[in-house]
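>>> quick one: sequence and predicted model below, then my questions.
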2 protein chains.
Amino acid sequence: MTSEKNDRYDYLGITDPDKLSAASKRALAWRDLGNEWFGEFEVFDLQGDFAYEAGVVRRDPSALIKHDGKYFVWYSRSTGATDGFAGDIENEKVFPWDRCDIWYATSADGLTWKEEGPAVTRGEKGAYDDRSVFTAEILAYAGKYYLTYQTVKSPYTVRVKNEVGIAWADSPYGPWHKSAAPILSPADNGIWAGEEDNRFKTERKGDFDSHKVHDPCLLYFNDKFYLYYKGEQMGEAITWGGRQIRHGVAIADNPLGPYVKSPYNPISNSGHEICVWLHNGGVASLITTDGPEKNTIQWAPDGINFDIMSSIKGAPHAIGLNRDLDTETEPFGALKWGLTHEYKNDDYQYIRGFRGRRVTTHVAKGEASE
Amino acid sequence: MTSEKNDRYDYLGITDPDKLSAASKRALAWRDLGNEWFGEFEVFDLQGDFAYEAGVVRRDPSALIKHDGKYFVWYSRSTGATDGFAGDIENEKVFPWDRCDIWYATSADGLTWKEEGPAVTRGEKGAYDDRSVFTAEILAYAGKYYLTYQTVKSPYTVRVKNEVGIAWADSPYGPWHKSAAPILSPADNGIWAGEEDNRFKTERKGDFDSHKVHDPCLLYFNDKFYLYYKGEQMGEAITWGGRQIRHGVAIADNPLGPYVKSPYNPISNSGHEICVWLHNGGVASLITTDGPEKNTIQWAPDGINFDIMSSIKGAPHAIGLNRDLDTETEPFGALKWGLTHEYKNDDYQYIRGFRGRRVTTHVAKGEASE
């Protein structure tokens, strides 16, 4: 054996190099035997207008960008309780993210926030975004600002197909100009079975994103615009012990599109909300909640073919990354701090902060020598 | 493509069978695309003597066995607060599991427990188990009962090497006969650096289990006795964002030994407490807390070469499995309910119940179509 190989075997505590267990073989294949991509998280309450407020939904914070010495964030905002699908779906509120507008807030320190008001509001009756605009992400590029977000057209039925809209501005304060049409729509190759408003009954399921395109997140990467999104399929099943959530990407030469879905989709069979950042010439992705690779951090040199770089114990949901952080010096740098949301109850969610840190040292409790 | 292959591709929502993302290739390699091995857990308080009691440590419940219409469990029991290593380590209590005896309790329903008293107590001064006996597991085999457990000889220094003892009885009520010597010891091939009582300073680290052999769990498998255990290495590092914990197995023809460590050790580079059960002609293992494969359930046809069968969001710690459950009909059957422990605080831990269930259906909150 070479010395390097010996070191690696020693590192893994392998008893006999000629007798490797299946686990040792897998461990030897891990590229990172250290901790570069590994870490843990804590969440905490914020102050000012992001303190929990009864009766108001604030959720799905966008990434944070810094401008004029302040952090800016965009988020879904609605008021009032959720009625669900049982009642009058034309006039009631079916989800906390129904009847939302996209608002923004600013903060000098990331801890105390001031709600500034609406940024992008729902469209006129009959428009593709007349029912709700929500789950926004922000991209600052070449002096312009781009918000991507989900849109729903009324009525908000169980089978409704949502789309993705975009708005742009010359300043994070706005004003925002909305696209006349969606920039991304669900695949149109599934067929519902019967007339019942039931999303599980299909004649044909169609592509992984035949029902919903969610959580759009736009990155400028390799001289193109990569629109990452979460797909939901008509007739969604429970697989790998969780929801059948996949991620896809659509690529354009210009920020306003047209966006072409990658033929390599889905690019993840695990995860939930999109949380991606640039690192080392590629794209990193935090994968949470669903699928066989839940609770991992992955990286793709080409933004499409993601490999598992670490396993984590869990992460905050619906993370809004802080784009002002150094994401290059170390992989976990992008996760140093940012925003998340939490369910106070089924009706109301509020925006909280999170901190992430690499685990590099033994701590006293439970990690002492036993 | 064959129809079966087509089904599998459709199932994964693959856009173009000729253009597979790295994630889709990995997903196609999963043997279980369903939910057989997947599930989630909840924990809850127990009644009777297992209700939390200030001043008493009850932790590391063994497996449950049923006898005389009652469930039996063994566990580590000590009293008083933890002093740590800073003080008089000869006379003070350095850990909650220091100065323990192994007690047992019974229950008709698994919910309300009666503490029956000590089963195996510390040895006379000078014996290998004079300081603490703890973290017990039980095996019922051929009308006899075998308790395996950790032993420490005083003084309980940071560098102390613990061992594994065994006791046997003709009845779960005892009396218990202790082995005159340990049945398992740490590998004796590491070298400490200097005289300071510091477990991180080594000249040579030695095998994965050169410092500690923990959490012994005995299974009767393939006409032999498989003693699974957790190893800790001298000079333990932080790897993969957590403690450097590995699992090993030692095998004997007779329950009392001699036990020979497998040359294939370590059999896991992930996990913490040992939690193993028989299933489908092999051995299943719940892997928690540490390592790159944390939060998975694995299975080995030979009890040694474990493959990942599922990823889970987390599981209770220090599980005591219910050996009375049907572990064959479905993989997750072994995890239907049992015992665990929880840290009320750094000084005191108490025994709680857990329930596990497969996730097979969509539930309302957060899993509805968005």
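Looks like it arrived, so ask away.

>>> OK, contacts around the residue in the stretch 251-370 of chain A that chain B sits nearest to?
Minimum separation of the stretch 251-370 of chain A from chain B (C-beta to the nearest C-beta) falls at A:N305, amounting to 3.8 Å. The way it works is simple: take the backbone N, C-alpha and C, and place the C-beta from them, glycine included. Each residue near A:N305 by C-beta atoms under 8 Å, 6 or more residues apart in numbering or on different chains is listed here: A:Y264, A:I267, B:S21, B:A22, B:A23.

>>> out of those, grab the one that's most surrounded.
B:A23 (31 neighbours; other C-beta atoms under 10 Å in any protein chain shown).

>>> could you list the buried residues of stretch A:319-329?
The neighbour-count check on stretch A:319-329 (16 or more other C-beta atoms under 10 Å in any protein chain shown) flags A:I319, A:G320, A:L321, A:N322, A:R323, A:L325, A:T327 as buried.

>>> out of those, list just those in strands.
Counting by DSSP state E, the buried residues of stretch A:319-329 place A:G320, A:L321 in strands.

>>> turn the buried residues of stretch A:319-329 into TSV, columns for pLDDT and distance to A:V260.
As requested, the buried residues of stretch A:319-329 are exported to TSV (pLDDT from 0 to 100; distance: C-beta to C-beta, whole Å):
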residue	pLDDT	distance to A:V260
A:I319	97	27
A:G320	98	27
A:L321	98	25
A:N322	98	30
A:R323	98	25
A:L325	97	30
A:T327	95	26
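
>>> ok so, going back, which element is the residue of the stretch 251-370 of chain A closest to chain B on?
Assessed by DSSP states H and E, A:N305 sits outside every helix and strand.

>>> repeat for A:D10
helix A:3-11.

>>> now, which of the contacts of A:N305 sits nearest A:Y75?
Using C-beta to C-beta, A:I267 comes nearest to A:Y75 of the contacts of A:N305, at 25.6 Å.

>>> widest-spaced pair of the buried residues of stretch A:319-329?
A:G320 and A:T327 (14.3 Å).

>>> A:A252: how many residues sit nearby?
Residues lying near A:A252 (other C-beta under 10 Å) number 17.

>>> distance of it relative to B:T289?
Using C-beta to C-beta, to the nearest Å, we find A:A252 at a distance of 43 Å from B:T289.

>>> any weak-confidence spans in chain A?
Across chain A, the ranges flagged by pLDDT under 70 are A:1-5, A:31-33, A:363-370.

>>> which segments of it make up each domain?
A:1-30, A:34-358 (automatic domain parsing).

>>> comparing those, which comes out most buried?
domain A:34-358 (a mean of 20; mean count of other C-beta atoms under 10 Å in any protein chain shown).

>>> now find how far off-centre it is within its chain.
5 Å (C-alpha atoms, centre = their mean, to the nearest Å).

>>> spell out which parts of the stretch 51-200 of chain A neighbour chain B.
A:F95, A:W97, A:V158, A:N162, A:R199, A:F200 (C-beta under 8 Å from any C-beta of the partner chain).

>>> how about the strands in the stretch 201-350 of chain A?
A:202-204, A:212-221, A:224-232, A:238-239, A:242-243, A:245-252, A:260-261, A:276-279, A:282-287, A:296-300, A:307-311, A:320-321, A:337-343, A:349-357 (DSSP state E, counting those that start in this stretch).
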